[in-house]
Every structure is written in structure tokens, then in C-alpha cells.
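Engineer: Model the following, please.
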Amino acid sequence: MGVALLAWGRFFGPHGERVTVPAPVDGAGAPWLLDFLARHARALRDAGFTALQLPPTSKAEGGAGRGCDGYGVFDPRDLGSKNQQGSVNTRYGSKVSLTRLVAVAHACDLDVYLDLVLHQRSGENGGPGIFRYLGADGRTPNGRSTTAPGWFRGVPPDNLPDDDVPSPRDDFPFGRELSYQHCRPPRVTIEDALDFGQWVFRTTGADGARFDDVKGTWAPFVREFMTHGVMASKFFYAEFFDGNRAILNGWTTQPPLSGRSLVADFPMHWALQAACDGGNARVLDGAGYTSWRPDLTCTFVDNPDTDTSPGQQVISNKLLAYAFLLSSEGYPFVYGKDYFPPSVWPGAYGLKPWIDNLVWIHEHLAAGPTSTRFLDDKVVVLERTGAPGLLTALNFDTFNARSVRCQTAFGANVHLHDYTGHHDDIWTDGHGVASFTIPSNAFSKGQSYLCFSRAGLNVASIRHARHTVQTIFGAADLDTPPATNAETEAARIWVERGSRIALRVRLDRHGAPADAALKVIVSDARGHTVVEALCAGDHADAEGTAGEIGEHHIRIAGRQLPEHGSAFSIDIAYLAPQAI
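Structural biologist: Next up is the predicted model:
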């Protein structure tokens with residue numbers, strides 16, 4: 001299923017406050033997160049990662065400020081292109097940086113997942129429950145979907161009751177909580193969310209998303225969102241913050257979700273915490289919801305919530321946790337704060353060299369069902385029995401190395417290599433039994449693990465460059481102005497030399513005369529036209545080939561369009577460079 005990088009982190013500021021990853025506005029020379037990830041996409045794919053999980057990238061209360069992690073969403077449709085909440089950029093960068101990152105990631109054969117926060121809004125600016133947004137001109141408060149008190153739970157005069165959410169006692173508003181079941185007028189919030197979903201996935205070209213706080217969100221809406229329009233073809237996993245496997249199983253497998261979404265495996269996280277902080281190997285036998293439904297779980301050691309919440313984080317032996325996670329079934333997510341060094345993000349843990357090795361092991365050795373081959377208070381040995389086979393052994397004993405003999409599925413007299421480099425090669429005996437010694441977990445460094453498989457399997461990760469399809473939507477109430485009879489720049493993209501660039505242009509002809517038309521030109525940094533389309537009807541197609549690598553400009557000019565302009569859309573397919 002691959003390995004995803006949860007590509008951001010939360011940290012503590014000088015006064016104990018929660019802050020997110022560094023940004024240029026902090027004055028310390030750090031890049032925007034989205035640009036940082038674009039520059040590192042190729043290296044991450046070479047290490048074996050297959051997807052990037054982004055933080056929330058809509059404009060949130062606080063704009064680009066240090067404490068703004070994106071979950072206090074103000075304007076969902078502002079991805080870093082309007083001067084709202086004190087900044088144009090979000091904490092993580094601009095809309096241009098976001099669309100460029102998605103395209104570069106695809107060129108490196110990485111999927112990109114958004115983090116969608118549809119549970120709450122923060123930063124109301126027109127009175128209780130009223131959020132007003134800037135339109136495409138950056139001045140007029142005519143942005144799409146001004147809200148009203150009837151959109152939210154408990155806001156006068158409507159005073160809506162809580163929706164029938166999965167866990168009412170755990171449903172905290174986190175700002176103004178949107179109502180999908182009881183909103184007034186009916187379905188207004190649902191239709192707005194569906195419109196946003198269509199817009200954000202087509203605008204960015206992202207491959208899927210994390211759905212925040214489904215424990216406090218009306219499940220029929222969650223299902224409708226995930227099965228509507230372009231969302232129906234996207235990957236989804238959900239944050240249902242609960243340690244009870246039966247509850248996760250009920251939400252995930254029963255109507256209305258019926259298996260549409262994966263779910264974050266919090267029971268696995270708590271088992272890893274008990275093993276790593278408490279030295280108890282037995283809790284890992286059959287751990288997590290993954291042991292029930294590995295096809296429906298996203299596994300993790302820590303995430304931005306657990307890592308900065310006292311009593312929730314894994315404090316010790318994180319490498320043992322990752323050795324277990326990346327040997328196990330389920331879809332593993334590596335936390336960026338664990339991965340990157342403190343030179344990149346001050347306060348990060350710098351486990352990259354060891355995690356890279358374990359990611360390679362996951363991608364090339366770990367397959368098939370899991371069998372526990374040995375278990376006591378301090379040692380667990382598990383085997384993945386699909387080809388080529390993987391035998392992983394973990395020792396939580398801080399004083400003693402442990403010698404183990406266990407049955408394997410490799411067969412008789414098979415040459416096995418430890419792909420962590422912690423142990424010499426071994427051979428199974430005539431009955432397929434392996435004998436080895438796991439080093440002690442001295443000083444709780446967490447490096448007391450082994451990963452055996454058949455010798456001679458040093459295989460490199462392979463990249464298959466992929467094109468990206470993104471859509472530019474021009475409308476007065478969005479972030480790109482409608483087309484007028486003047487020539488303007490609508491967007492910028494970064495293109496690989498030799499890439500085919502294909503356009504489909506659509507023009508809203510409402511109120512336009514019969515001879516109205518829209519011209520779209522894509523040109524390289526030298527001003528050379530690469531492709532040109534003239535839309536004189538409902539739509540027009542055109543394609544060309546990029547002769548230069550790098551930034552390309554998309555310009556539009558109307559003919560006989562109404563004075564107020566005409567809405568349009570441009571679908572553009574292209575291959576981005578793998579490095580910027």
C-alpha cells in the first residue's frame with residue numbers, strides 16, 4: 001500500500017505554546033513548508049515514500065502566524081492567494097506553492113493528500129456565525145458562501161442542536177461548529193462543502209485527503225462528501241480519535257460509511273506507546289484495529305496531536321515503534337517531526353537514516369499475512385509470510401541481549417540476511433527454524449531490532465513520473481478573477497522540458513454575445529508561446545510541447561465579453577520537473 005510521510009509537525013514555543021513548522025515570517029530564514037517539500041520530493045521518493053500528507057492548507061484564523069496550524073479554518077477557498085487574516089500566504093505558503101508541490105510530487109511518483117477541516121470555522125468577522133470573505137479582486141467582500149448563524153450549532157437566533165454525531169460527549173466545537181443535519185436552510189452547509197470539495201481537488205490535483213474529526217461530524221454527510229463528484233475517485237482516511245477497535249470498526253464498516261474510508265489506527269498507537277514507554281512487548285501481539293482490518297487502517301507512531309499532548313506521545317524507543325509499524329500490515333504514516341533533523345525543524349527528532357532503511361524494508365520485503373513467531377514480556381518476533389518474506393524481531397530489554405529460536409515460513413536451509421545491519425547472516429535449519437540474537441535495548445536507544453529476509457534482495461525504489469491535471473477556475477467570488485477583454489495572467493505552472501501540455505477551456509456564455517470568445521496562451525519564461533486555445537463556443541481543446549524547463553505563464557484575453565467579465569475554467573495537463 002506504500003508509506004506516507006505526515007509532512008509537518010507541531011512544536012513547543014519558548015513559553016510552552018504550540019507552534020507549527022518554521023516559516024519565512026518568523027525571520028529565521030526558513031522556507032515555506034510547501035516549497036521545502038517540493039525541493040525534497042525526489043529524495044523522499046528515492047527513500048521509498050509513496051505519498052505526502054499535508055497539513056490544512058486553507059486560510060485559517062491567524063494567517064501565517066507561528067501558532068496557526070490550519071485547523072481554525074477561516075476561508076476554505078483561500079489557499080494562500082487573498083490578503084485575509086493578516087497575510088496573503090497561509091502558514092505553509094501560497095496557492096502557487098501548493099499547486100506546484102502537487103505537480104512536482106506527481107512527477108516524482110508521490111501522491112499528495114490534503115487535510116480537510118469541515119467540522120468548524122474560526123475568525124468570524126461579521127457577527128456571531130457570520131464569516132465574510134474577499135472575492136477575486138482582493139478588495140470586495142463578495143467571496144463565495146458568506147455564512148449565517150443557521151450554519152452553525154448553538155448560534156442565536158437559530159440555536160441549532162448538535163447533529164447526531166458518532167460521539168456527542170466528545171464533540172467539541174473547536175470554534176464555530178458547522179451543522180450538516182440541522183442547518184438552515186436545509187442542506188446549505190452540505191452543498192457548500194460539496195462545492196468546496198470539487199473546487200479544491202480540481203484546483204490542486206491532489207490524490208486524496210485526511211478528513212478531520214469525524215467523531216464529531218454527522219456520518220451521512222461524511223459519506224456523501226466522499227462519494228460526490230470528483231471526490232468519489234479520491235483516497236480518504238478519517239481521524240476518529242478513539243482507542244476502541246470495535247467502535248472504529250463500527251464507524252468504518254457499517255452504514256453509512258460501509259468501507260468508503262480508511263481510519264487512523266489509534267489503538268495501534270496506544271499499543272506502541274505501552275510497548276515503547278513501558279517495555280511491554282506482549283501488547284504488540286494482535287495490536288490495533290490493523291489486526292482486524294489491515295485494509296482499512298492508517299497506522300502511525302505519533303502525529304501532531306499525540307506528540308504534543310501530555311500522556312499521549314511515545315516518549316522512548318521510537319525506532320522500535322517504527323520497526324514494528326513498518327514491518328506490519330496497514331498503511332503506515334511516518335511523522336515528519338520524527339523523520340527530519342533539528343537542523344531542518346528545531347525540535348525535530350532526526351530519525352531519518354533509520355526510518356529510510358525501514359521504509360525500504362516495508363516496500364520490498366513486507367507482504368502478506370502476519371504470524372507471531374515468538375512472544376514474551378520483552379521480545380516479540382513477527383513474520384510477514386508473503387513473498388519474499390520478512391522476519392522482524394524486537395527486544396525491549398534494556399539490559400540483556402536475547403537469543404531466539406523460532407519457526408519461519410522460509411523453508412529449510414535458506415540463507416537469510418538482516419537488512420538493518422544489526423546481525424550477521426544466518427541460515428534456517430532443516431525444519432525452517434531460525435536462530436539469532438537480538439541486541440539489548442541499551443540506554444533505550446530503540447535500535448534493538450532485526451529484519452531478516454532472503455539474502456540478495458538489494459532493490460532500488462523506482463519512480464514512474466506522472467502528469468498532473470489541475471483546473472483554473474475564474475469567477476468573481478473565487479480567487480482568480482473572471483475573464484475580461486483585457487489580457488491578464490490567470491496562473492503559473494512549472495513544466496518539464498518536452499512535456500506535452502494539454503488544455504481544455506470552458507467559457508460561461510451567460511450574458512455574452514454570440515461572437516464572444518476567450519483566448520488562452522501558455523508561454524515559457526522567455527515569452528515563447530507553447531500552446532494557444534481559442535474558445536468561441538462552450539469549450540475548446542489545444543495542446544503543445546514545452547521546449548524549456550521551468551516556470552510557464554497562463555494568460556487569458558476575452559473578446560466581446562460583458563463588462564463585468566465571464567466565468568471560465570481551464571483544465572491543464574502537464575508534467576512538472578522533479579526538482580525546482
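Engineer: Could you pick out the longest helix of the chain?
Structural biologist: helix 188-204 (DSSP state H).
Engineer: from the chain's centre, how far out does the following helix or strand past it sit?
Structural biologist: As assigned by DSSP states H and E, the chain's next helix or strand after helix 188-204 is strand 208-211. The gap between where strand 208-211 is centred and where its chain is centred comes out at 6 Å by CA atoms, centre = their mean, to the nearest Å.
Engineer: mind listing what's buried in strand 208-211?
Structural biologist: 208-211 (16 or more other CB atoms under 10 Å). Bear in mind the C-beta positions are built from the backbone N, C-alpha and C, glycine included.
Engineer: Same list (those) but as a markdown table, adding pLDDT and distance to residue 369.
Structural biologist: Shown next, in a markdown table, are the buried residues of strand 208-211 (pLDDT from 0 to 100; distance: CB to CB, whole Å):
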| residue | pLDDT | distance to residue 369 |
| --- | --- | --- |
| 208 | 98 | 26 |
| 209 | 98 | 29 |
| 210 | 98 | 27 |
| 211 | 98 | 29 |
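Engineer: Might you report the residue contacts of the residue of the chain positioned farthest from its centre?
Structural biologist: Ranked by distance from the centre of the chain (CA atoms, centre = their mean), the top residue is residue 430, with 46.6 Å. Residue 430 makes contact with 412-413 under the criterion CB atoms under 8 Å, 6 or more residues apart in numbering.
Engineer: From residue 405, how far off is it?
Structural biologist: When distance is defined by CB to CB, to the nearest Å, residue 430 is 13 Å away from residue 405.
Engineer: How about residue 428?
Structural biologist: Distance, residue 428 to residue 405, using CB to CB: 10 Å.
Engineer: Neighbour count: the two, which is higher?
Structural biologist: Shown here are residue 428 and residue 405; by other CB atoms under 10 Å, residue 428 has more neighbours (21 against 11).
Engineer: Can you get me a residue count around the closest residue in space to that one that isn't next to it in sequence?
Structural biologist: Spatially, and ignoring its direct neighbours in sequence, residue 428 is nearest to residue 414 (4.7 Å; CB to CB, 6 or more residues apart in numbering). For residue 414, the neighbour count with other CB under 10 Å is 19.
Engineer: quick one, what contacts residue 414?
Structural biologist: Residue 414 neighbours (CB under 8 Å, 6+ apart): 427-428, 432, 454.
Engineer: is residue 6 in a bridge, and if so with what?
Structural biologist: For residue 6, the beta-bridge partners are residue 53, residue 335 (DSSP bridges).
Engineer: residues near it, how many?
Structural biologist: By other CB under 10 Å, 26 other residues sit near residue 6.
Engineer: now swap in residue 27 and tell me
Structural biologist: Look at residue 27: counted by other CB under 10 Å, it has 8 neighbours.
Engineer: how much space between it and residue 562?
Structural biologist: Distance of residue 27 to residue 562, computed by CB to CB: 46 Å.
Engineer: one step back: give me the common contacts of residue 428 and residue 405.
Structural biologist: Shared contacts of residue 428 and residue 405 (CB under 8 Å, 6+ apart): residue 434.
Engineer: Helices of the stretch 251-400 of the chain, residue ranges please.
Structural biologist: Ranges of helices within the stretch 251-400 of the chain are 266-278, 304-307, 318-325, 336-339, 352-364, based on DSSP state H, counting those that start in this stretch.
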